[in-house]
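Engineer: Coordinates for the following, if possible.
(4 chains, ligands or ions: 2)
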Amino acid sequence: MSARVAVVRFPGSNCETESLAAVERAGGDARLIDYRDTDLHGAAAVILPGGFAYGDYLRSGAIARFSPIMAAVRAHAAAGGVVLGICNGFQILCEARLLPGALLHNAQQRFVARPVDVRIERNDTACTADYRVGEVIRIPVAHGEGRFVASPDVLTQLDRDNCVLMRYVQVDGTDVPHNPNGSTDDIAGICNAAGTVLGFMPHPERLADASLGSDVGQRFFTSLVKRVVTRAAA
Amino acid sequence: MTSAIEAEAFPGERTVTDEVLREHKLNATEQAAIRNILGRTPTLTEVGIFSALWSEHCSYKHTKAVLRTFPTTGSQVVQGPGENAGVLRLPDGWAVAFKIESHNHPSAVEPYQGAATGVGGILRDVFTMGARPVAVLNSLRLGPLDDARNRYLFAGIVKGVGDYGNCVGVPTLGGEVCFSPSYTGNPLVNAMAVGLLREADLITARAHGVGNILLAVGARTGRDGIHGASFASEDLTAESQKRRPQVQVGDPFTEKLLLEASLELITGGYIVAIQDMGAAGLTSSSAEMAARGGVGVELDTSRVPVREPGMTPYEILLSESQERMLVVAEPHRIDEIRAVCQKWDLDAAPIGQVTDDGIYRVVHEGRVVAAIPGQELVDGCPMYSPPARESAAAIARRSATPTAAAPDHVAALERLLDAPTIASKRWVFEQYDGTVRAGTVVTPGSDAGVLQVAGTQFGIAMTVDCNARHVALDPYEGGKAAVAEAARNLACSGARPLGITDCLNFGNPEKPEVFFQFVEACRGIADACRAFDTPVTGGNVSLYNQNPLGAIDPTPTVGMIGLVRDISTVVPTHFRESGDPILLLGRVSGHLGGSAYWAEVLDATVGAPPPIDLVAERALQEVLIAAAEARLLRSAHDLSDGGLAVALAECCMGGPWATSTFGAEVDLANHADQVSDEGWLFGEDGARALVSCRAEHVLQLQHVAREHGVTCHLLGLVGEVDGDLLIRRHERRWHWPVRHLRQVYSDAIPRRMTPPARSA
Amino acid sequence: MKIRVHVRIVPRQGLLDPQGQAVEHALGALGFDGMQDVRVGKAIELHIEAASAAVARATAERMCEQLLANPVTEDFAIEIGA
Amino acid sequence: MKIRVHVRIVPRQGLLDPQGQAVEHALGALGFDGMQDVRVGKAIELHIEAASAAVARATAERMCEQLLANPVTEDFAIEIGA
Ligand SMILES: Nc1ncnc2c1ncn2[C@@H]1O[C@H](COP(=O)(O)OP(=O)(O)O)[C@@H](O)[C@H]1O
Ligand SMILES: [Mg+2]
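Structural biologist: Numbers count the residues shown, from 1 in each chain, chains lettered A, B, ... in the order given. Ligands and ions are numbered 1, 2, ... in the order given. Below is the predicted model:
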């Protein structure tokens, strides 16, 4: 049985096609859902893909969070359903308060598009089970607003509940800053305590096909698909 | 000739006098031609229309005759020059649409918006062909970075290119950046877009079908970028001050919606024709669509959705507001078209129709404000063939030699790697998303960008190139060299060159020495394209690029597309394995004229650049492609600026994000013994590439080279990880720690762009 | 009555403001001195149709709370213009 | 004397302001009505050490002309704060 994964397209989404493809390649049944829809049509997991929803005008994610589909996404998350935000999707989740903190303009005030090295901090989540804790993978980022900030209280809580999903790390020999945007505590992605609502800046869906050089990102999607299949079977 | 067709002035408009005509840059010959076409004095609206369509940008009045000498045909050509973009055939029913365009002047005034809207415009040219944009490239020229204004322009332009392409979701896969004093005050911003389509979905911009409706789709029309003449043609009052022409502002978000809506309209078969409202806006798009289709049109400018109240037909016609399309459709399709547009949150407003009388007619609030025979409007501009003569100064420069004392070769290579034109462009392309859409095989930082055609095993490779220093010193050889370098970059990646688009950036063509450069560079491009079977499928001419000291260096940028039959055979640029043999393909004659070594190290931009042997270039391409397809190569990098020494250093330093570098040991003894050390290290002879392969493939590779008559020098071996670069020639040795070179190369641009520390 | 409203949104005190720092640095390089605490945020201008300035202000406040400002990182101030 | 200065920089009238449009649209969708001409620009706050408010204003003006505002696309306004 294949699991239904909804990929939401907002006006200005750019990465929905590769997100759909990554899910399909992992054996999932991926469906595109329009932002004006109000129903997830039975999807077991939702992906908010990368891009520039509403042009990222005002603040990235600020306008998108009011899209009609977001009520269903919120309800899904509240019911323990899996919600995954990649890049712009992460920004939307923060704006929608489905994840804490905020993503601000990169410290260097420039867009950054390059590979980064991230360490997987948790593998008991809905999309990292196929990685080892502590595993370092190299995947691309491409964002102008990726500097994660949160109040000291929130940071403490993230730590306590083990909610940091991945961190930028220094790998020997690199001559670019390991942290591409000045993010607090090198945070590249976070999740809720249950590991069901997740957001991160890097783009694993862009490294999901070995014929293009590397498929090190594909395990996010195999993990996700396995997870929703198991839950559906249970 | 034509009997007069009447049109009346729009109320409140200035009367058309000789003064007004001159302000619109219409000379006496052109004024006479207009009166002859109309059989009367034009209205102000008509003057605006003529001045736009008879500008160099739209009419090519100085350059058409020269452009006709380009080869434009070949079995791979689906669409040659004349449409919004050229189209080349790919395997399996696929095709690639591509085009390059300049946005030099707007970028000089407002770098961020100028560059951004340049990218926006060229993307629209590609998707109006029915192609989905899959890549952007950009070629940038600026004055040196020690000048604050140049730094400001550079930062703004790069941010503009990046923000626009990033937001629309099209990866930027290549480009070039060169710095030279001739671009101070007149930067060049050339943007190229590449799109993929099914050949069967190709659509052209030809209006036809009398009674068909014209629709404006996308953004509303404001007073953006209206020809300066309209401002000048009014008395200066507080009111007119408020109405002065405005900088065009890009809205990539609307572009993205427009892109999706346009492709849906095209592939769904809802429309007959579509064209971007680009330079000269509604005027040129409507007139050109009508002329191509051999029909007339009637536009009602009072029905065009506007952003500001009180816009005159003149302003509406000439506005260069961005993110707008002109669509032609059968009347019964309008509701469906509106529904598609609505789905993408866009307006579609009927603003006119196709007519059978061949007249280009504009109505505003029931009044005919322009009525011009359409064919004459588009084709009737007087053509010029200005005199072309090389200046004595240019001739003298070509035979000059440097006078400065040369530093040692170790220091010279470091100076070259620190020259911003040669140094790593990481600071630039780090701001460009190169991997969105997940089809990218090779991101910037290699010889060519490569992407996979989704669902197939093949890919396309792309590059933009021009060595303007060579063109300045010898326009003919420089023109050839631009095409040759582009082809070499593709072949090094394992791609077969298919065709080019060109962006011809020159000074004032009415100056004989400038027109000489133009004619000769074009002759060079044409000869090279013929030799390589890479026809010209389109391009763009940008003239009058002048700085306070004179014309810019002539800069005919060449954008080239190639086919990689199997993306698993793509060859990387940099060394990959210690112990791999290093070979140099091609003959070494040590030509230093026009070299970066002379220019950057000896501070002398002089000498005759190397003559380009087109037969040798073609042979080299064939060797590289054959070797790539046979999987004989581990790396391949063409030799260009800075010659062998720079190429070796680049191969050793690794790609922009590499975590390790390689040393190399190279021995030049017993190769081309007649060549000087400088010539060997820094000469810029064409038709050469530096490759590495597995030891067991050397013989096979030498065999392939021999078969094509290409010399092959076995120079040495790739060294240890993080090792040193060592070049030996008999008893002479030059030696560099590669980590140090990498730092020099990587920091050259960032260190110049970092704001200076506050002085104490 | 059409009322002009200026909204000022600035990064919350205590939060690092790299853009403000960069501007401060650049101003210093241009020879300006004696400035401090440069912070860069957003200025939003709009016209609101309202019965009184007080009503317009209240509306603008709700706009800020709901959309214009991010309560996690930003403070806002509203001014009623001419 | 340390003087607090507010600088407001907004896109020039007549110039397309896609961000302003998007915000206007979004506010409308949230049920706010009766607003018009939404424009989004930059707010810059700083302290200037100056002998008087007039001097601080003049300094801020030069800052805008030289760095803070883009003379081609933006207008600025300066306010001396509390
Ligand atoms: N403006 C730019 N945008 C994107 N990539 C760029 C730009 N400028 C240079 N590059 C990339 O940097 C690499 C080196 O460029 P260049 O120095 O022109 O090399 P080459 O001489 O091999 O053409 C290429 O991969 C090129 O695509
Ligand atoms: Mg190049």
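Engineer: Run through chain A and note the low-pLDDT ranges.
Structural biologist: Per-residue confidence for chain A (pLDDT under 70) gives these ranges: A:1-3, A:234.
Engineer: same thing with chain C?
Structural biologist: C:82.
Engineer: quick check: longest strand of it.
Structural biologist: Longest among the strand segments of chain C by residue count, using DSSP state E, is strand C:35-49.
Engineer: Check which helices and strands whichever helix or strand comes after that one sits against.
Structural biologist: For strand C:35-49, the succeeding helix or strand toward the C-terminus, using DSSP states H and E, is helix C:53-63. On a contact count with 3 or more Cβ pairs under 8 Å, 6 or more residues apart in numbering or on different chains; DSSP states H and E, helix C:53-63 meets strand C:2-11, strand C:35-49, strand C:74-80. Backbone N, C-alpha and C define where each C-beta goes, glycine included.
Engineer: at 10 Å instead, please
Structural biologist: strand C:2-11, strand C:35-49, strand C:74-80, helix D:18-29, strand D:35-49 (3 or more Cβ pairs under 10 Å, 6 or more residues apart in numbering or on different chains; DSSP states H and E).
Engineer: which one of those lies closest to ligand 2?
Structural biologist: Ligand 2 sits nearest to helix D:18-29 of all those, at 33.5 Å, using Cβ to the ion.
Engineer: so what's residue 62 up against?
Structural biologist: Answering for chain A, as no chain was given. A:53-54, A:56, A:91-92, A:94-96, C:67-70, D:22-23, D:26 (Cβ atoms under 10 Å, 6 or more residues apart in numbering or on different chains).
Engineer: Hmm, no, I was thinking of chain C.
Structural biologist: Counted by Cβ under 10 Å, 6+ apart, C:R62 has contacts C:68, D:27, D:30-32.
Engineer: Quick one: name the residues of chain B near ligand 2.
Structural biologist: Contact residues, chain B versus ligand 2 (Cβ under 5 Å from the ion): B:176, B:465.
Engineer: Quick check: residues of chain B near ligand 1?
Structural biologist: With Cβ under 6 Å from any ligand atom as the criterion, chain B meets ligand 1 at residues B:138, B:140, B:172, B:174-177, B:425, B:428-429, B:432, B:444-447, B:465, B:489, B:638, B:640-641.
Engineer: From these, which land in strands?
Structural biologist: When DSSP E is applied, the residues of chain B next to ligand 1 are split such that B:138, B:140, B:172, B:174-177, B:465, B:638 fall in strands.
Engineer: Going by distance to chain D, which of the residues you listed wins?
Structural biologist: Checking these against chain D with Cβ to the nearest Cβ, the nearest one is B:L140 at 19.5 Å.
Engineer: What is the neighbour count of the closest one?
Structural biologist: Number of residues near B:L140 (other Cβ atoms under 10 Å in any protein chain shown) recorded here: 26.
Engineer: Any idea what it is bridged to?
Structural biologist: For B:L140, the beta-bridge partners under DSSP bridges are B:V177, B:V189.
Engineer: Tell me, how many residues neighbour residue 23?
Structural biologist: No chain specified, so I'll use chain A. Neighbour count of A:V23, defined by other Cβ under 10 Å: 29.
Engineer: Oops, wrong one, chain C.
Structural biologist: Neighbours around C:V23, by other Cβ under 10 Å: 22.
Engineer: what's near enough to touch the closest residue to A:G89 other than its chain neighbours?
Structural biologist: Of all residues beyond its chain neighbours, the one nearest A:G89 is A:L48 (3.0 Å), with distances taken as Cβ to Cβ, 6 or more residues apart in numbering or on different chains. For A:L48, the contact set (Cβ under 10 Å, 6+ apart) comprises A:6-10, A:13, A:15-16, A:19, A:35, A:61, A:64-65, A:67, A:69-70, A:73, A:83-93, A:96, A:98, A:199.
Engineer: go again using 8 Å as the cut-off
Structural biologist: When contacts are counted by Cβ atoms under 8 Å, 6 or more residues apart in numbering or on different chains, A:L48 touches A:8, A:10, A:73, A:83-86, A:88-90, A:92-93.
Engineer: That one pairs with what?
Structural biologist: A:G85.
Engineer: do you know how far it is from C:F32?
Structural biologist: For A:L48, the distance to C:F32 equals 43 Å [Cβ to Cβ, to the nearest Å].
Engineer: Mind giving me the packing neighbours of the helix or strand hosting B:E678?
Structural biologist: B:E678 belongs to helix B:677-682 when assigned by DSSP H and E. Contacts defined by 3+ Cβ pairs under 8 Å, 6+ apart place helix B:677-682 against helix B:409-418, helix B:643-653, strand B:724-729.
Engineer: which of the residues in that helix are buried?
Structural biologist: When burial is assessed from 16 or more other Cβ atoms under 10 Å in any protein chain shown, helix B:677-682 yields the following buried residues: B:678-682.
Engineer: Adjacent strands (with direction) for the helix or strand just after that helix?
Structural biologist: As assigned by DSSP H and E, the chain's next helix or strand after helix B:677-682 is strand B:689-692. Its sheet considered, strand B:689-692 pairs with strand B:581-585 (antiparallel), strand B:635-638 (antiparallel) by DSSP bridges.
Engineer: Tell me which of these sits most buried.
Structural biologist: Comparing the strands paired with strand B:689-692 by mean neighbour count (mean count of other Cβ atoms under 10 Å in any protein chain shown), strand B:635-638 comes out on top with a mean of 27.
Engineer: got the contact list for that strand?
Structural biologist: Residues from elsewhere that reach strand B:635-638, judged by Cβ under 8 Å, 6+ apart: B:447, B:485, B:488-489, B:492-494, B:571-576, B:580, B:624, B:627-628, B:647, B:650-651, B:688-692.
Engineer: now that strand, how far from the centre of its chain.
Structural biologist: Taking the mean of its C-alpha atoms, strand B:635-638 sits 23 Å from the chain's own mean (Cα atoms, centre = their mean, to the nearest Å).
Engineer: Repeat that for stretch B:114-126.
Structural biologist: Chain-centre distance of stretch B:114-126: 11 Å, with Cα atoms, centre = their mean.
Engineer: Report the backbone C-alpha coordinates of that stretch in PDB.
Structural biologist: Extracted in PDB, the C-alpha atoms of stretch B:114-126 (Å, rounded to 0.1, in the frame of the first residue of the first chain):
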ATOM      1  CA  GLY B 114      18.000  47.200 -14.300                       C
ATOM      2  CA  ALA B 115      19.600  43.700 -13.900                       C
ATOM      3  CA  ALA B 116      16.400  42.200 -12.400                       C
ATOM      4  CA  THR B 117      14.200  43.400 -15.200                       C
ATOM      5  CA  GLY B 118      16.800  42.200 -17.700                       C
ATOM      6  CA  VAL B 119      16.400  38.700 -16.400                       C
ATOM      7  CA  GLY B 120      12.600  39.100 -16.400                       C
ATOM      8  CA  GLY B 121      12.500  40.200 -20.000                       C
ATOM      9  CA  ILE B 122      14.700  37.400 -21.300                       C
ATOM     10  CA  LEU B 123      12.700  34.800 -19.400                       C
ATOM     11  CA  ARG B 124       9.500  36.100 -21.100                       C
ATOM     12  CA  ASP B 125      11.200  35.900 -24.500                       C
ATOM     13  CA  VAL B 126      11.800  32.200 -23.900                       C
END
